[in-house]
Every structure is written in C-alpha cells, then in structure tokens.
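Novice: any chance you could fold what I've pasted below:
(one chain, ligands or ions: 1)
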Amino acid sequence: MHCSRCGLCCEETEMLLTEADVQLLEQVGYVRKDFVRYDSKNFAQLRNSEGHCVFYDPNKHSCKVYKLRPLGCRLYPVIYGEGEGVITDDICAMRRTVSKTEIERKGKRLIRLLDAIDCEAENRHGST
Ligand code: SF4
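Specialist: Reported below is the predicted structural model:
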C-alpha cells in the first residue's frame, strides 16, 4: 500500500500486542510499563501519550520504532471488524491502495495474530 503518513492510525491507539511484540521492544531498551497497558480483560495494548501512541513522533510524522513496530501495526489498515470479518479501516484514506491479494495475505496473518492475542489474554487471566 501507499502510506501518506497522516498519523491518524496512531492517534488514540488501541493496538493490541502479543508478548513477542513487547519483548522485541524490550530487547532494544524500552520498559514494558512505559508502552504497554493491560485492559480489564487482560489484553495488552499500546499506551497513548498526548493523544497518540507513545511511539508516534508528531513532529516527524513517523513511528519511532518503525522497524520493530508491532505486528498489528504492520498489518494495518487491514483490521478485523466485529460482525464484518477482515476489512480495511475506513479511517485510512489510503486504504484503496491495498490490493485484494494484500488484504487476503494480511487477513490470514491477522486471524492468527488475534488467536494468539486471545490466548495470551486468557493465560494472563488464569495466572492472576
Ligand atoms: S507502534 Fe508505531 S505504527 Fe504502531 S501505533 Fe505506535 S507509532 Fe503507530
């Protein structure tokens, strides 16, 4: 796809994270509590600061961890809509530049990702 770097998708993010996403960022020195929040159902999400993801740099219109960004960010604008399945997010102005093949390919990865995220949240619940 062609990203216009508008940054809208990084505003008030609710991006879900896997343990692998978190550990990758910890390996380069980021501290979990600074960028991860756990919701009431034990899902791990990116934290926001000043209305956008803690890793979004509004001056440069870029992600400070672009090369190590979570898988959900890599798959975006392909998302899962409740009752709709795999779709492209309509807040993304460039969503029409995502080919059908890319939606299918990313959609398969997204389903696996969401299964892993559900599983991890359930395990966290079991261990608390
Ligand atoms: S990690 Fe990067 S791409 Fe993902 S929401 Fe944060 S700033 Fe945006």
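Novice: use CA for all of it now, contacts and neighbours both
Specialist: Will do.
Novice: ramachandran angles for the closest residue to the ligand within the chain?
Specialist: Nearest to the ligand in the chain, going by CA to the nearest ligand atom, is Tyr56, at a distance of 3.6 Å. When read as degrees, to the nearest 10, the backbone of Tyr56 gives phi -80, psi 130.
Novice: return the distance of the lengthiest helix in the chain from the chain's centre.
Specialist: Using DSSP state H to define each element, the chain has its longest helix at helix 100-126. Put simply, helix 100-126 sits 11 Å off its chain's centre (CA atoms, centre = their mean, to the nearest Å).
Novice: helices and strands around it, which ones?
Specialist: In terms of contacts (3 or more CA pairs under 8 Å, 6 or more residues apart in numbering; DSSP states H and E), helix 100-126 is packed against helix 71-75, strand 78-81, strand 85-88.
Novice: ok, how many other residues are close to Lys108?
Specialist: Lys108: 12 surrounding residues under other CA atoms under 10 Å.
Novice: how far away is Ser49 from Tyr56?
Specialist: Ser49 is 9 Å from Tyr56, where distance means CA to CA, to the nearest Å.
Novice: where does pLDDT dip in this protein?
Specialist: By pLDDT under 70, the low-scoring segments of the chain are 128.
Novice: who in it is up against the ligand?
Specialist: Contact residues, the chain versus the ligand (CA under 6 Å from any ligand atom): 10, 13, 53, 55-56, 63, 65-66, 69-70, 73.
Novice: by neighbours, which of those residues wins?
Specialist: Of all the residues of the chain next to the ligand, Cys10 has the most neighbours under the rule other CA under 10 Å, reaching 24 neighbours.
Novice: that one and Tyr56 touch, don't they?
Specialist: Yes. Between Cys10 and Tyr56 a contact is recorded at 6.6 Å, counting by CA atoms under 8 Å.
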